[in-house]
Every structure is written in structure tokens, then in C-alpha cells.
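>>> no sequence on this one, just coordinates:
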Ligand SMILES: C[S@@+](CC[C@H](N)C(=O)[O-])C[C@H]1O[C@@H](n2cnc3c(N)ncnc32)[C@H](O)[C@@H]1O
């Protein structure tokens, strides 16, 4: 049987909604509670949760994908983009250093289990941020964690990104270690022991891998994690605005694109996540976060779609997939409880890929 997914519990959602405030929203309404009931009020606040899609919008998305399929990346350039992926991320970090992605301060809200794992017994705990970029998870984790024995490994296949982390004044070799590693490579890095990680953090990194390498990545994750260890995951979802606005000659293969700066991005469906993680890990959460962001000044609507997941390496004798006593669901609804974080990757796409005026993102995007 194909493993499926479990929703976050209602209790989790209530807890989250009471602890999470979008301070940029005029109403400061809790995440998850900003439901658009009356379409005429759409421009009255910056963001709406659990945005629903009508048939017309679905059709629009399918049309955009069909349009992109007519003009993919010219065949002779496809391999070049794949071959130069790391180099293009190097260029990205040479240009942006640590000024692009924002610190992921929402980790405690979205992934309380991560903090439970690393703070519970306050002993030695290892976390690995994979595809760490400028270390936007590493540094907040070390600062926010109450466990002085927490050690955070941060790796990226861009050597420039790793240099950016190491040059950060907060970088402390006693609390963390940054190094170059390719998640899609054939083995785990020599810097770490097999089965030594309590938590693996995958934030907007799986989408950067070639789909042919996903299985390698899964093997590596499995090897790195202690039995009972946790993976926290957040990434782009199918039909996210960033996908639909790609213009001509950006499509590498189905749902996989190259941005104007040469970096690659895939847009996942929930079912793909189930297939990928579910054969090895227990799926505690696999949820879709659909949010309508509006630019009130310009009257622009932006439909964002993100996926969020929590997966565990089974203990000896346990089966992967979904524990039988849990409810199984693959759709999204007001009870998914995946509100909270937003990524700034909207602006990762070059202006030529974007129909949006610069600055179209509302302040609440810059969480
Ligand atoms: C969209 S950025 C996200 C950065 C960071 N996780 C964050 O949320 O701020 C994707 C990162 O994944 C890295 N990356 C891409 N492919 C990778 C691979 N095969 N192995 C390791 N890192 C990779 C890129 O260099 C880049 O830093």
C-alpha cells in the first residue's frame, strides 16, 4: 500500500494560531485565521490563508503550463544548465552574500518537534541544515535553542555559500560546522558519522535538485539520520505563482525550471512527497499551504503554494509510511495548520521571469 499523510492535529493548529502573529498584517490576525469570506474585501489586508482555487483558476494554471511546454529550454542548453548548477549558485551567493534569504525565525512555530528533539533532554544533539545557503537556519537555531550542547552542521554544494556562512561573525566552530556537500551525491559527507543526526532541515533545497537525483538524496538522508530522527521540510508546491509566471525557454523538464540566473527549481505535488519520503520514513505531516498574498496598492493578487512536511526515520522493527492509527489525508484544508513561514524566494526569479512590478511582494512576505 502506498503510504499517505497525516494532518496536523486541531490542537496543534490552535496552539500555533495563538502563538503566531503576522505583525505586518494591519489586523495582526493570527495565521490560519485570515479566511477570505467576502471577495470584495480582498484588498483590505495583505494575506489570506487557505486560499481556495476555483475551476477557472485551475484552468488558468493548466494553460500556463501548456504554454511553457511549447517553449522549453532549447535542448542544447539543458545539459549545460545541469552541469553548471553549483557554479550558478556560487554566482548567486557572490552577488547576494547573506542579504537575500531571511533568517528562518518561524522554525519554532512551524516545527516545534525540532525544538522538542534538541531541547528535551538537553544532551548532545546534532542538527544538519542541508542546502544551508547563508545559514539562515543554522544561526537562528543556535541562538534560539536553549540547549548549549546543540551542534549544527550546515552544508551546501555551493562553496561560496559555505564561505558566506563561515565569514558570518556569529559563526562559532564550537557550536557548528559548515562544509561543502552535494545532497544529490553518492554518499554522505566524511565530516559526519552515519546515523548521527537527530534532525535534518530541508528548506527550499530539494526543489533545487534534478529529479533524477532525488533517490540519491533520500538514501543520503536515511543514512545520516539516527533511528527515530526527524526531517523537517518546506518547499515549493505545484502551481505556485513562481511556477506559473515562468516565461519562454525556462522549462527543463516537467515542473522543473531554470531561473534567469541559472539556478534550478522544481515545484512538487503532495503525492510526490509521499512517494519520495514514504518508502523509508514515517510521514507525520505532508501538508499544502496555499496563501493569497495581495499588493493592496497595486491591486495585485499572488497565489503562493508551499509544501511542508515532517518525516521520521523508523525505529528498528517499525514500518515506514503512515502509522496505522493516524488519519490519512493528502488534500489541504483549513485544518492543515501549515500557516506561518513565508520564503523570500519570490524575488529569486529574475525580473524577466516576472510579470509583477518590483516591490510587488507585501511586507508580510519578508518574514
Ligand atoms: C533556495 S536556496 C535555500 C537556502 C536555504 N535553505 C534557505 O532557506 O535560506 C537553495 C540552496 O540549496 C543549495 N543546493 C542546491 N542544490 C544542492 C545540492 N545538490 N546539495 C546541496 N545543496 C544544494 C543551493 O546552493 C542553495 O543554497
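Arrived safely. As the structure is a computational prediction, the values presented were derived from the model and not from experiment.
>>> Can you point out the buried residues in stretch 262-276?
Neighbour-count burial for stretch 262-276 flags 262-270, 272-274, 276 (criterion: 16 or more other C-beta atoms under 10 Å). Where C-beta positions appear, they are placed from N, C-alpha and C, glycine not excepted.
>>> I meant to write stretch 116-124 there.
117-118.
>>> Surely residue 90 is within a strand?
No: counting by DSSP: H, G, I helix; E, B strand; the rest coil, residue 90 is not found in a strand; it is helix.
>>> Who are the contact partners of residue 68?
Neighbouring residues of residue 68 by C-beta atoms under 8 Å, 6 or more residues apart in numbering: 246, 248, 250-251.
>>> Repeat that for residue 206.
131, 214, 217, 233, 235, 266, 268.
>>> Return only those of the residues you listed found close to the ligand.
Among these, the ones lying near the ligand by C-beta under 6 Å from any ligand atom are residue 131.
>>> what about residue 62, which helix or strand?
helix 55-70 (DSSP states H and E).
>>> what's the answer for residue 227, then?
Going by DSSP H and E, residue 227 is part of strand 225-236.
>>> Which elements pack onto that strand?
helix 107-110, helix 112-119, strand 197-203, helix 270-278, strand 300-312 (3 or more C-beta pairs under 8 Å, 6 or more residues apart in numbering; DSSP states H and E).
>>> which stretches of the stretch 1-150 of the chain have low pLDDT?
Applying pLDDT under 70 to the stretch 1-150 of the chain flags residues 1-32.
>>> How about stretch 282-298, which residues are buried there?
Buried residues in stretch 282-298 (16+ other C-beta under 10 Å): 282-295.
>>> if you look at these, which of them are in helices?
Among the buried residues of stretch 282-298, no member falls in helices (criterion: DSSP state H).
>>> Out of those, which comes closest to the ligand?
The ligand lies nearest to residue 289 out of the buried residues of stretch 282-298, by C-beta to the nearest ligand atom, at 15.1 Å.
>>> Identify the farthest-apart pair in the contacts of residue 206.
131 and 268 (14.7 Å; C-beta to C-beta).
>>> what's whichever helix or strand comes after the helix holding residue 62 in contact with?
Of the helices and strands lying after helix 55-70 in sequence (DSSP H and E), the nearest is helix 75-83. Contacts with helix 75-83, where a contact means C-beta under 8 Å, 6+ apart, come from 73, 88, 210, 252, 258, 262, 264.
>>> could I get these as TSV with distance to the ligand and secondary structure?
Shown next, in TSV, are the contacts of helix 75-83 (distance: C-beta to the nearest ligand atom, whole Å; DSSP: H, G, I helix; E, B strand; the rest coil):
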residue	distance to the ligand	secondary structure
73	18	coil
88	9	helix
210	8	coil
252	14	strand
258	13	strand
262	11	coil
264	8	strand
